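Visitor: Quick one: sequence and predicted model below, then my questions.
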Amino acid sequence: MQPDRTPLLSVENLEVHFPIRAGVLQRQVGAVKAVDGVSFSLNRGETLSLVGESGCGKSTTGLALMGLVKPTGGRVQFDGQEIRGFNRAALKSYRRRMQIVFQDPFSSLNPRQRVKDIIRAPLDIHNVGTSAERDARVAELMERVGLRPDQADNFAHQFSGGQRQRIGIARALALNPDVIVCDEPVSALDVSVQAQILNLLSDLQRDLGVSYLAISHDLGVVEFISHRVAVMYLGKIVEIAPKAAIFAAPGHPYTELLMRSAPSRDPRKRHSFSASNDDIPSATKKPSGCPFHTRCPLVTAVCKTTEPALTARDDGRLVACHNR
Amino acid sequence: MTMRMPKAFTNVSLVVGALISLTIILLAIFAPFVATHGIEQMDMRNRFDGPTLEHILGTDNFGRDLWSRLVFGARISLTIAVIAVAVSAAIGTVVGLVAGYFGGWVDQVLMRITDIFLGFPAIVLALAIVAVLGPGITNVALAIIVVAWTEYARVVRSTTLVLREQNYVQAAKALGASPMRIIFREILPNALGPIIVLASLGLGTAIISESALSFLGFGLPPPAPTWGWTLAYGTRFMRDAPWLSIISGATIMVTVLGFNLLGDGLRDVLDPRQLSRGGGKSAKAK
């Protein structure tokens, strides 16, 4: 399906800085810049993947969009409306349209609740329909995600990891959201089960037109589900491009490093492009200039002083690099 | 549920504790039927009697039957203990949930208040309360509650601090659930285990506190057959009738031991994952 081109969600310069406090008076002595000026947009029915190493801020970006972490700066617009100025009622209706599926299918379901109550919770919270209608919706959702409705009275621990992730997806779907943030949706699952869940996600997108913001470090997963890919490094996006373009020819040197470090199916192939330094700089003391200059094989003098902006290239991709 | 029963029955402290507690509770409930004499019925011909067929645990200086007095005394001790535990668990749980969930200044204020109550020596505070308010079941219970709730508050707060970071709590937040709903629907059911354990241990502690107050003469006034007073009174006749204080002391000890064993046993058994594991229609297919 070709995604519709009107942006549903647009994020401008999103910042999430966590203060570091020290001393008796708990004065702020610095900040962890987990997300440091991230901008992107998400269209209807589209999947945008956020990829990057652990600690690059991709999950924090997702949590900030869900309102689970407070952003310290930037603008988020949803369907043309600014989220910052939302009052409580508006925020509640925003939450109806934006949902999240967590990475860990074990901790994301309350062990004391039955599956039907877990999936029903969003309907109860937002007062959707009568009690009988909610029960019917729960059965419908369970079937939609490939669970048998007669398992509704079971507790979450009676299911396998893949089934539990289906329960999490059913809960996220209950209110017919427009966007689902998928935070590493399959990385905790067996490889054989991963494919089933990824297929389920793409079937749901085809049938319901839901957009995904997929957060992942697994390039195989990213290649399977994305329309576009955004690569993050140290809290910043270094490249955004359509999937085909980015997998055919990485634009930013970091993207290239990421792709080359993924294991290849050809055992004779050797890593030909490697970082000069494998240490990831700390998010509290970021390098000056381009954040990647400490590891970049193409580094030049300008990289150490001036931070490159995300600029459009001929083929429509955005890359933040002086030398590419 | 099928797997849970045999597993619980193999836990020795749980079984022994439950048996002792249940026996004491049943004796208290059916006191009028199991007592052989009235609590104030004197038998002047059989004063200071050792255990006999007529008076199975002996008699005191008025010839009052010790067995009957202990059985009726169980009613007083258990009533006070149950009231004290129920109220302190309720107060402490709500304070702990609110402090742990909201954190920040709410947490600071609630926990400093808790510290103030913890700072008092428990028995002195209890004595002062009974001395000011006068004796009576509610006042004795109140004297115990004033300090006992703090333990629930602290334990529930630390449990809540862990639970609020769980993804299912984050998921509920993302759904727009109110703090009330998150606290009572998502967090409380998962915090019940430690609360139940504390409550059964708390019954033992409350019985000891009540006995201590009675022993010092601050419990229910004398015609009432409280265990603490029966023990204190018996010490006057330690040389002639040692069974009076020994048996009432042993009664308190065994009762408290029973509730403590029950609490320890529950702690081992109450794990959420043991609820209905392998139950009827668990599905294994992926």
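Guide: Right, received. Where do you want to start? Numbering: from 1, shown residues only, chains lettered A, B, ... in the order given.
Visitor: what helix or strand does B:Ser68 sit in?
Guide: Using DSSP states H and E, B:Ser68 maps to helix B:66-102.
Visitor: Is any residue of that helix near chain A?
Guide: No. Residues of helix B:66-102 are not located near chain A by CB under 8 Å from any CB of the partner chain, the shortest gap being 14.6 Å. All C-beta atoms are positioned from the backbone trio N, CA, C, and that covers glycine.
Visitor: B:Ser21 is in contact with B:Asn260, isn't it?
Guide: No. Counting by CB atoms under 8 Å, B:Asn260 is not a contact partner of B:Ser21; they are 9.8 Å apart.
Visitor: what sits in contact with each of the two?
Guide: The contact sets of B:Ser21 and B:Asn260 overlap at B:Ser200 (CB atoms under 8 Å, 6 or more residues apart in numbering or on different chains).
Visitor: who's more crowded, the two?
Guide: B:Ser21 (22 against 19; other CB atoms under 10 Å in any protein chain shown).
Visitor: Show the contacting residues for the more buried one.
Guide: B:Ser21 touches B:Ser200, B:Leu203, B:Thr255, B:Gly258, B:Phe259, B:Leu262, counting by CB under 8 Å, 6+ apart.
Visitor: distance of the closest residue to B:Leu203 other than its chain neighbours from A:Val38?
Guide: Using CB to CB, 6 or more residues apart in numbering or on different chains and skipping the chain neighbours, the partner closest in space to B:Leu203 is B:Phe259 (4.4 Å). For B:Phe259, the distance to A:Val38 equals 57 Å [CB to CB, to the nearest Å].
Visitor: quick one, strands of chain A?
Guide: A:7-22, A:27-43, A:47-51, A:73-78, A:81-82, A:98-101, A:179-183, A:211-216, A:228-233, A:236-242, A:311-312, A:318-319 (DSSP state E).
Visitor: buried ones in the fourth one?
Guide: When you say that, I think you mean strand A:73-78. By neighbour count with 16 or more other CB atoms under 10 Å in any protein chain shown, strand A:73-78 contains the buried residues A:Gly74, A:Val76, A:Gln77, A:Phe78.
Visitor: these two touch, right, the second one and A:Leu9?
Guide: When you say that, I think you mean A:Val76. Yes. Using CB under 8 Å, A:Val76 is in contact with A:Leu9, at 7.3 Å.
Visitor: partner residues bridging the spatially most central residue of chain A?
Guide: Centroid check for chain A by CA atoms, centre = their mean gives A:Ile215 as the closest residue, at 2.9 Å. Counting by DSSP bridges, A:Ile215 is bridged to A:Leu50, A:Asp183.
Visitor: Sketch out the low-pLDDT regions of chain B for me.
Guide: B:1-9, B:44, B:53, B:63, B:271-286 (pLDDT under 70).
Visitor: near chain A, which residues of the stretch 51-200 of chain B show up?
Guide: Counting by CB under 8 Å from any CB, the stretch 51-200 of chain B sits next to chain A at B:166-168, B:170-178, B:181, B:185-186, B:189-190.
Visitor: Helices - which of those residues land there?
Guide: Using DSSP state H, B:Asn167, B:Tyr168, B:Gln170, B:Ala171, B:Ala172, B:Lys173, B:Ala174, B:Arg181, B:Pro189, B:Asn190 are the members of those that sit in helices.
Visitor: Can you get me a residue count around the fourth one?
Guide: Spelled out, that is B:Ala171. Neighbours of B:Ala171 (other CB under 10 Å): 27.
Visitor: Just to check, it is in contact with A:Ser108?
Guide: Yes. The pair B:Ala171 / A:Ser108 is scored as a contact, 5.6 Å apart, by CB under 8 Å.
Visitor: who touches both of those two?
Guide: A:Phe102, A:Gly168.
Visitor: got the contact list for A:Phe40?
Guide: A:Ser10, A:Val11, A:Leu48, A:Ala230, A:Ile237, A:Ile240.
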